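> Attaching a predicted model along with its sequence, questions to come.
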Amino acid sequence: MSAAPFEDVATPPICFEDVVAAAARLRGVANRTPVMTSRTAGAMAGEGARVYFKCEMFQRGGSFKFRGAFNCLSMLTPELRASGVVAVSSGNHAQGVAIAARELGISAVIVMPEDAPATKLAATRAYGAEVITFDRQRVDREALALEIAKARAMTLIPPYDHPGIMAGQGTAALELLEDAGELDLLLVPLGGGGLLSGCATVAKTLQPGMRVIGVETEGADDWVKSLAVGHPVRIPPPTTIADGIRTQDPGKLTFPIVQRLVDAVMTVSDEEVKAAVRFLLLRMKLLVEPTGAVPAALLFSGRLGDLAGKQIGVVLSGGNVDASVLAAILGEA
């Protein structure tokens, strides 16, 4: 039994048609999440600017991750489904795989860091998956997941570095552009690159002139470092409040897509992320986890320059935040 979901994991970058096919698989299963606007956010961006927030916190499992997980699992052969799946995640991919596996009648083992948000650990178990924890400062999570997959003859479902995952995540941008229309700029949070790869594929196909920017935090800047030298580089385990983007290096499949299609990757500070979380909750009444607020933090920072009259899309990738973390963020206001 192969530990990889498909034999063709080295296929060329995904195309727009892959995202359209994923959208068909997800229809009636995934939530079509709302697109919301804010006059205040628009005014902060520039006179006459309009900001469209794609609210993936209202997706099943509380984040965009269900899209890629269900698309990927639904493409498995009956034999692979019967053997079960393994995934490694700090929480959102874990929940996405757990829900998708439950929907499809597949057993799932999820490898999660010990310091993953308690709410994400609890939710993953509640969705029916077996959870195995590890110390992310001392254990190579990918190696551990692969070891479990081989030992149990299960299929490994990557969190981002697979065409099926990337295509599923790209459906968020497909819906956003259908609902918002023409955009000048799209801001997307960036961890392993699955969401950004899928979204950029859609954006550059439907609206080639749109600028697409990936956003990571200063403490998790593996993409900025990698793009600067032209190839993936590995950084130490990131320390950032945005737990969903604590990746140490870009994906092998996602890197060339981002390198080719994305106009820029920029960083924000943890303090800017906290401020964005507060704004989204207190002004827009949207509960967004720190990772999900990363692109909004860049928009509010002013470092994008004057965006007067621009139409701006922002993907808020999820809302799974521990109560204690949220309370601390709000307490700093």
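Right, received. Where do you want to start?

> Roughly how far does the residue positioned nearest the centre of the chain sit from residue 110?
Closest residue to the average C-alpha location of the chain: residue 195 at 4.8 Å, with CA atoms, centre = their mean. Distance, residue 195 to residue 110, using CB to CB, to the nearest Å: 19 Å. Any C-beta I mention is one placed from the backbone N, CA and C, and that applies to glycine too.

> those helices in the protein, which residues are they?
Applying DSSP state H to the chain gives helices spanning 16-26, 39-45, 65-74, 78-83, 92-104, 118-126, 141-152, 163-180, 194-206, 222-229, 254-261, 270-282, 290-301, 323-331.

> For residue 313, which of those helices is the nearest?
Nearest to residue 313, of all the helices of the chain, is helix 163-180, at 5.4 Å by CB to CB.

> Tell me the helices and strands packed up against the closest one.
helix 16-26, strand 35-37, strand 50-55, helix 65-74, strand 185-189, helix 194-206, strand 311-316 (3 or more CB pairs under 8 Å, 6 or more residues apart in numbering; DSSP states H and E).

> tell me which strands and helices the first one is in contact with?
Looking back up the chat, that one is helix 16-26. On a contact count with 3+ CB pairs under 8 Å, 6+ apart, helix 16-26 meets helix 65-74, helix 163-180, helix 194-206.

> contacts for that helix?
Applying CB atoms under 8 Å, 6 or more residues apart in numbering, the contact partners of helix 16-26 are 67, 70-71, 74-75, 163-164, 166-168, 170-171, 174, 198, 201-202, 205-206.

> Show me how to select, in PyMOL, the buried members of the residues you listed.
For the buried members of the contacts of helix 16-26, the matching PyMOL selection, counting by 16 or more other CB atoms under 10 Å, is:
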select buried, resi 67+70+71+74+75+163+164+166+167+168+170+171+174+198+201+202+205
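
> Let's see the pLDDT reported for residue 89.
The model reports residue 89 with a pLDDT of 84.

> my bad, should have said residue 285
Per-residue pLDDT puts residue 285 at 98.

> surely the residue nearest to the centre of the chain meets residue 172?
Yes. Assessed by CB atoms under 8 Å, residue 195 is found in contact with residue 172 at 7.1 Å.

> what residues do these two have in common as contacts?
Counting by CB under 8 Å, 6+ apart, the contacts common to residue 195 and residue 172 are 64, 315.

> circling back: with mean pLDDT and distance to residue 123 added, can I get the helices and strands packed on helix 16-26 in JSON lines?
Listed next are the helices and strands packed on helix 16-26 as JSON lines, based on pLDDT from 0 to 100; distance: least, CB to CB, whole Å:
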{"stretch": "helix 65-74", "mean pLDDT": "98", "distance to residue 123": "12"}
{"stretch": "helix 163-180", "mean pLDDT": "98", "distance to residue 123": "19"}
{"stretch": "helix 194-206", "mean pLDDT": "98", "distance to residue 123": "20"}
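
> so can I have a markdown table of the ones you listed showing distance to residue 125?
As requested, these are exported to a markdown table (distance: least, CB to CB, whole Å):
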| stretch | distance to residue 125 |
| --- | --- |
| helix 65-74 | 16 |
| helix 163-180 | 22 |
| helix 194-206 | 24 |
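
> what about the ones you listed, which gets the closest to residue 254?
With CB to CB, the closest approach to residue 254 among the helices and strands packed on helix 16-26 belongs to helix 194-206: 4.6 Å.

> What is that closest one packed up against?
Using 3+ CB pairs under 8 Å, 6+ apart: helix 194-206 touches helix 16-26, helix 163-180, strand 185-189, strand 211-217, helix 254-261.

> again, only using 6 Å
helix 163-180, strand 185-189, strand 211-217, helix 254-261 (3 or more CB pairs under 6 Å, 6 or more residues apart in numbering; DSSP states H and E).

> Out of those, which one sits most buried?
Using mean count of other CB atoms under 10 Å, the stretch among these with the largest mean neighbour count is strand 185-189, at a mean of 28.

> for that strand, the distance to its chain's centre please.
In this view, strand 185-189 has its centroid 12 Å away from the chain centroid, taken as CA atoms, centre = their mean, to the nearest Å.

> From residue 227, how far out is residue 20?
Taking CB to CB, one finds residue 20 at 28 Å from residue 227.

> Among these two, which residue is more densely surrounded?
More crowded of residue 20 and residue 227, by other CB atoms under 10 Å: residue 227, with 19 against 15.

> and the closest residue to the more buried one other than its chain neighbours, what pLDDT?
Leaving aside its sequence neighbours, residue 227 sits nearest to residue 265 (CB to CB, 6 or more residues apart in numbering; 5.9 Å). pLDDT for residue 265: 98.

> Would you mind confirming that residue 257 is in contact with residue 197?
Yes. Judged on CB atoms under 6 Å, residue 257 makes contact with residue 197 at a distance of 4.2 Å.

> what's the neighbour count on residue 270?
Neighbours of residue 270 (other CB under 10 Å): 19.

> what do you get for residue 63?
For residue 63, using other CB under 10 Å, the count is 27.

> Check residue 235 too.
Residues near residue 235, counting by other CB under 10 Å: 16.

> still on that earlier bit, looking at the helices and strands packed on helix 163-180, which one is packed in the most?
Mean neighbour count (mean count of other CB under 10 Å) peaks for helix 65-74 among these, with a mean of 30.

> Residues in contact with that one: which ones?
Identification of contacts with helix 65-74 by CB atoms under 6 Å, 6 or more residues apart in numbering yields 22, 25, 30, 59-60, 92-93, 96-97, 99-100, 104, 157, 164-165, 168-169, 171.
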